[in-house]
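Enquirer: Got a sequence here, can you build the structure:
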Amino acid sequence: MSNLMNRIVPAILVVNFICSCSASLSQDEFKDSRTSDRPALHAIQDQELRELMDRMNGLMLERFMTEHEMDVVRGKYTRQIIATAITLQNTAGHLVNKIPHLNLTTDEENAFRGLADKLSQYATLLKTQAEHDAFNAIPATLHEMKSTCAACHTLFRQF
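Expert: Numbers count the residues shown, from 1 in each chain. A predicted model of the protein is given here:
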C-alpha cells in the first residue's frame, strides 16, 4: 500500500501542477492564441516541459553508461567539433576572398581582414582543443569566437 501511495502522490502533484499552469491562461490570452499565428502559451509550456523531461531522462541514462559508451559519445562530439572548426577555418578564408568585392576603405579592409584572421585563429584553436580533449577550454574559445563574429557583424553586416 505504501509503495502504491509513493507512486500516486507524485503523479497527482504533477497533474495538479500542469492543470494550474494551463489554468493561468486568461480568457483573452486563450482567444488570442486561437486566432493568431503564435502558439498558445500552454503549448509552449508543454514543449518546455517535454524538453526538460528529455534532458532529465538523458541525465539518468548517462549515470548508467559504461566508460566505453561515454568514450564513444565523447568521440562523436569531438569529431563534430573538429569538423565544425574546419568549416569555420574555411569560412574565414572565404571571407578574406570577398574583401575586393565589398568596396571597403583601407581601414575597413584592414579591420575586416583582422577579424577574419581572428576567427580563423579561434577555429584552429578550437580544433586543437578538441583533438587534445581539452574540453574545459572550449567554452572560453567559443565565447571569444562569438565576440569576434558579433564585432564583425556589427561593423560590416550592411556590406
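Enquirer: so what does whichever helix or strand Thr154 is part of touch, helix or strand wise?
Expert: In this structure, Thr154 sits in helix 138-156 according to DSSP states H and E. Secondary-structure packing of helix 138-156 (3 or more Cβ pairs under 8 Å, 6 or more residues apart in numbering; DSSP states H and E): helix 106-131. Where C-beta positions appear, they are placed from N, C-alpha and C, glycine not excepted.
Enquirer: any idea of the pLDDT on the spatially closest residue to Met65 that is not a sequence neighbour?
Expert: In this structure, Met65 finds its nearest non-sequential neighbour in Val73, 7.5 Å apart by Cβ to Cβ, 6 or more residues apart in numbering. In this prediction, Val73 carries a pLDDT score of 81.
Enquirer: and Val73, what helix or strand is that in?
Expert: Using DSSP H and E, Val73 sits in helix 67-97.
Enquirer: Over to Glu48?
Expert: Assigned by DSSP H and E, Glu48 falls within helix 41-63.
Enquirer: Buried residues of stretch 115-133, list them for me.
Expert: The neighbour-count check on stretch 115-133 (16 or more other Cβ atoms under 10 Å) flags 115-116, 118-127, 129-130 as buried.
Enquirer: between those residues, which is nearest His101?
Expert: Taking Cβ to Cβ as the measure, His101 lies nearest Ala116 of those, at 13.9 Å.
Enquirer: In contact with the closest one, which residues are there?
Expert: Shown in contact with Ala116 (Cβ atoms under 8 Å, 6 or more residues apart in numbering): 92-93, 95-96, 152.
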